[in-house]
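Participant: compute the structure for the input listed below.
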Amino acid sequence: MYPNKLDFAPRFGLTHEFGNTGFIWRMGYGMFYTPVDLNTWCNQLHNVPLVFPETKQSDNFIPSIKGFNFAPPVLGKTVVSYAAFDPHAPAQYVQQATASIEKSLGTATTIEIGYVGERGFHLQQAHLINNAPPGPGLVQPRRPYKTAVFAPGTVLPPGLTVASTTIPISSINMLQNTARTWYDAGYVNVRRRYSHGLNLLANYTYAKDLSDAPDFRSPMFESSIPQNNNDLDAEKGPACDIRHRFSLSAVYEIPGYKGAGLARKLTSNWELSTIFQVQSGYPFTISVFGDTANAGTLLGENPIRANYTGQPVFGPGTGTAQEWFNPGAFSVPVAYTFGNVGRNTVYGPGMQDMDVALVRNFVLTERTRFQIRGEFFNALNHSNLGTPNRFVNEPQFGTITDAATPGREVQLAARISF
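Facilitator: Sure, this is the predicted structure:
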């Protein structure tokens with residue numbers, strides 16, 4: 001709403017070739033501003049006085065809700081929750097720096113060793129500023145803010161029943177641009193341009209990705225809101241943190257029979273291609289299903305984390321679908337308290353996949369080509385396990401009941417190009 005016309009986004013790069021040694025050094029830096037997230041603005045259409053978001057909350061251990069029927073909304077009497085944001089919030093941006101050294105290995109192959117670093121600033125996070133402190137009893141009377149007031153001159157929609165422009169409030173989801181991210185990665189690339197029938201690209205990356213807030217719009221395997229809104233520093237931890245990743249793609253023209261006759265026709269114009277990738281697992285947060293701290297939360301979110309008991313997380317017999325980690329390493333926090341487990345501190349299964357394609361090309365006319373393809377997805381039929389159940393108070397805690405990728409799939413295809 002109030003753009004900053006002084007935002008500066010410099011970008012520059014440097015390259016230096018070391019004579020005839022085959023070494024090339026490169027580095028670059030840039031600042032990149034993110035587009036405005038229109039969902040933040042659209043959320044305002046879900047607030048009073050257009051919409052009355054009502055919830056009924058009671059002590060999680062002493063139920064007090066007698067029914068689920070809501071009375072007709074009355075502005076000034078109906079307790080509502082709402083989303084808010086700062087129209088003067090600073091712009092979200094990322095700083096990125098890269099550096100690499102590349103060496104040619106012959107006329108067709110190069111190897112590159114490099115570094116990529118990124119720092120995110122003023123990124124959006126959800127801050128539930130009206131949650132109650134942990135404790136027994138009804139949540140609503142313990143909230144820090146009891147009411148909100150419409151600004152003078154606010155035009156209310158016609159037909160609305162108004163008792164007062166001072167309204168009782170429950171949860172407030174304050175979307176604020178205060179989050180940070182840290183990403184550092186080292187990588188090795190091997191490239192081979194087409195030579196002697198082979199084209200290849202291989203990469204290995206070792207990386208570390210941290211943030212101090214969950215991704216509110218698309219969280220991974222965690223809640224999208226913080227556990228304790230009075231201790232946001234405790235939210236710093238791994239983000240979409242894939243420590244190790246290797247990928248290889250290659251295309252090879254299979255040499256045909258050099259002689260004449262039927263054997264040459266049958267063995268010519270074949271190609272074999274593959275994409276192979278293997279990576280370590282995603283992190284996830286060991287949580288409690290339900291608001292056992294009795295602090296109030298957004299509907300459908302489970303931000304309370306478990307307690308660590310001191311037992312080894314990965315001991316003998318773990319690393320399987322039946323017991324990915326030791327369930328005894330975690331416990332449900334005492335009622336009306338937060339858990340002490342860090343955010344995204346346990347890692348799930350890695351992933352391995354290889355796709356293969358066998359292709360035969362036919363030249364029909366000067367402009368017409370015909371191709372048949374046999375494609376094998378997950379050709380090795382490797383079982384890639386999904387994410388373990390991360391809720392400590394569920395019977396399936398620590399087990400894996402789904403797969404991250406499907407089994408082997410075979411596809412036959414034909415294509416005419418003209």
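Participant: please enumerate the strands of the stretch 301-418 of the chain.
Facilitator: Here the stretch 301-418 of the chain has its strands, by DSSP state E, counting those that start in this stretch, at 307-308, 330-331, 346-347, 351-363, 369-377, 409-417.
Participant: now the lengthiest strand in the chain: buried residues?
Facilitator: Scanning the chain for the longest strand, with DSSP state E as the assignment, gives strand 166-195. Residues of strand 166-195 classed as buried: 167-179, 181, 183, 185, 187, 189, 191-192 (neighbour count, 16 or more other C-beta atoms under 10 Å). In this view, the C-beta of every residue, glycine as well, is placed from N, C-alpha and C.
Participant: what of stretch 9-27?
Facilitator: For stretch 9-27, burial by neighbour count (16+ other C-beta under 10 Å) applies to 24, 26-27.
Participant: ok, stretch 73-88 next?
Facilitator: The neighbour-count check on stretch 73-88 (16+ other C-beta under 10 Å) flags 75, 78-85 as buried.
Participant: looking at the strands of the stretch 301-418 of the chain, which is buried most?
Facilitator: Across the strands of the stretch 301-418 of the chain, averaging neighbours per residue (mean count of other C-beta atoms under 10 Å) puts strand 330-331 on top, at a mean of 22.
Participant: state the mean pLDDT of that one.
Facilitator: Confidence for strand 330-331, expressed as mean pLDDT, is 97.
Participant: please, where are all the helices along the protein?
Facilitator: Remark: helices assigned in the chain by DSSP state H are 38-42, 262-267.
Participant: now those helices as CSV including distance to Thr98, mean pLDDT and mean neighbour count?
Facilitator: CSV is the format used below for the helices of the chain (distance: least, C-beta to C-beta, whole Å; pLDDT from 0 to 100; neighbours: other C-beta atoms under 10 Å):
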stretch, distance to Thr98, mean pLDDT, mean neighbour count
helix 38-42, 31, 80, 12
helix 262-267, 45, 79, 12
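Participant: pipe the ones you listed into JSON lines and attach distance to Ala132 per row.
Facilitator: JSON lines is the format used below for the helices of the chain (distance: least, C-beta to C-beta, whole Å):
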{"stretch": "helix 38-42", "distance to Ala132": "25"}
{"stretch": "helix 262-267", "distance to Ala132": "75"}
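Participant: to Thr399, which of those helices lies closest?
Facilitator: For Thr399, the closest of the helices of the chain is helix 38-42, at 34.4 Å, according to C-beta to C-beta.
Participant: need the contact partners of the closest one.
Facilitator: Residues outside helix 38-42 that contact it (C-beta atoms under 8 Å, 6 or more residues apart in numbering) are 85, 124, 175, 217.
Participant: contacts only, for the last one.
Facilitator: Applying C-beta under 8 Å, 6+ apart to Arg217 gives the contacts 37, 39, 124, 224.
Participant: quick revisit: which one of the buried residues of stretch 9-27 is nearest to Asp212?
Facilitator: For the buried residues of stretch 9-27, with Asp212 as the reference and C-beta to C-beta as the criterion, the closest is Met27, at 27.7 Å.
Participant: ok, what's across the strand from the nearest residue to that closest one once chain neighbours are set aside?
Facilitator: Spatial nearest neighbour of Met27, excluding adjacent residues (C-beta to C-beta, 6 or more residues apart in numbering): Ala99 at 4.3 Å. Beta bridges link Ala99 to Met27, Tyr115 when assigned by DSSP bridges.
Participant: so Ala99 is in contact with Arg26, correct?
Facilitator: Yes: Ala99 is in contact with Arg26 according to C-beta atoms under 8 Å; the separation is 7.1 Å.
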